[in-house]
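Novice: Provide a 3D model corresponding to the input given below.
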Amino acid sequence: MHRIAAQGCSLAAAGLLATAGFAATPAAAPVPSSAAAPVISANPVATLAEVETAVRAWAAAWSARDVERYLAAYAPDFTPARSQTRERWEADRRTRITGKSRISVGIEGLVISIQGTSASAEFRQVYRADALTETDRKTLELQRVGTRWLIRKESSAGN
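Specialist: Numbers count the residues shown, from 1 in each chain. Below you'll find the predicted structure:
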């Protein structure tokens, strides 16, 4: 498992590998290649950067009120909380996002953990929309799907 903190900077920034206390685990046994197998970067810092990019693109889409791009950040097997169906959850998200005149989603203190084709992104989310401001701890569980990292599960806890 690789774990690194990405706090307000790109993971690909020069010197990050040495200053982040990064420790790589031994490489796994080779796996036969197939057309369906996800492509994982041999460079752990590059993989971390891909996950960070996916998380920040999700927040940017939400902030831009771009519902299609926002929903595209979720894996086909994403399971909404509170026993909602995927269809009901998407309809609710569309209404809530398009119903706001402005949205800003900030990510602070991002910590990413990766194990194989799964990743976890933990951060403080600062959400501002119209007259509402909320700060929560958020965890996104992501899965590598083809060449993309997609959200399979999300959870939050108010601060």
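Novice: After the longest helix along the chain, which helix or strand is next? Please name it.
Specialist: In the chain, assigned by DSSP state H, the helix with the most residues is helix 44-63. Going down the chain from helix 44-63, the next helix or strand is helix 67-71, by DSSP states H and E.
Novice: what does the average pLDDT come to for that following helix?
Specialist: Helix 67-71 shows a mean pLDDT of 98.
Novice: Packing partners of that helix?
Specialist: Contact here means 3 or more C-beta pairs under 8 Å, 6 or more residues apart in numbering; DSSP states H and E; on that basis helix 67-71 packs against helix 44-63, helix 86-98. Any C-beta I mention is one placed from the backbone N, CA and C, and that applies to glycine too.
Novice: if you compare the ones you listed, which one is most tucked away?
Specialist: For those, the largest average neighbour count (mean count of other C-beta atoms under 10 Å) is found in helix 44-63, namely a mean of 19.
Novice: In this protein, where is pLDDT below threshold?
Specialist: 1-42, 158-159 (pLDDT under 70).
Novice: Now do the contacts for residue 97.
Specialist: When contacts are counted by C-beta atoms under 8 Å, 6 or more residues apart in numbering, residue 97 touches 62, 65, 67, 70, 103.
Novice: which of those residues lies closest to residue 79?
Specialist: Closest approach between the contacts of residue 97 and residue 79, by C-beta to C-beta: residue 70, at 17.1 Å.
Novice: Quick check, that closest one in contact with residue 58.
Specialist: Yes: applying C-beta atoms under 8 Å as the test, residue 70 and residue 58 come out as touching, 6.8 Å apart.
Novice: which of the contacts of residue 97 lies closest to residue 87?
Specialist: Looking across the contacts of residue 97 and measuring by C-beta to C-beta, the closest to residue 87 is residue 67, at 14.3 Å.
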